[in-house]
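J.: Requesting a structural model of the entry that follows:
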Amino acid sequence: MNARKNALTVAMTAVALALIFPRRVYGYIDPGTGSYVFQLIIAAFVAVSFAVKIFWHNIKNFLLRLFAKKEQ
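T.: As a prediction, this is how the structure comes out:
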């Protein structure tokens, strides 16, 4: 059991060091990446807008109950 724990500790340390001190990578960001990110942002906005449209009645009732004055 102790040997397994030591092996796991060594493996986790090796992974952490590999992530902290990476080798040099010669790469670039493709010109299409910007348009892809833009599409993701637009898609997220449309999805949130659609979800609000679908659940507007529930959202409105929740906010009304949240801010309604309590009757005595």
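
J.: what about the most centrally placed residue in the chain, distance to Y28?
T.: By C-alpha atoms, centre = their mean, the chain has its centre lying nearest to A44, at 12.0 Å. Between A44 and Y28 the distance, using C-beta to C-beta, to the nearest Å, works out to 26 Å. Heads up, the C-betas are built off the backbone N, CA and C, glycines and all.

J.: cool, I42 as well?
T.: 24 Å.

J.: quick one: which of these two has more around it?
T.: Between I42 and Y28, I42 has the larger neighbour count (other C-beta atoms under 10 Å), namely 10 against 6.

J.: mind listing what's buried in the one helix or strand that one maps to?
T.: Remark: I42 resides in helix 32-54, with elements defined by DSSP states H and E. By 16 or more other C-beta atoms under 10 Å, helix 32-54 has no buried positions at all.

J.: The helix or strand just after it: how far from the chain's middle?
T.: Using DSSP H and E, the helix or strand that follows helix 32-54 in sequence is helix 56-67. Centre-to-centre, helix 56-67 and its host chain are 27 Å apart (C-alpha atoms, centre = their mean, to the nearest Å).

J.: Tell me what angle helix 56-67 forms with helix 32-54.
T.: 70 degrees (axes from the mean of the first three to the mean of the last three C-alpha atoms, to 10 degrees).

J.: Next one, pLDDT for the residue nearest to the centre of the chain please.
T.: A44 is assigned a predicted lDDT (pLDDT) of 97.

J.: before we move on, what about R4?
T.: Confidence score, pLDDT, at R4: 80.

J.: Ok, the one 3 residues further on next?
T.: A7 carries a pLDDT score of 88 in this model.
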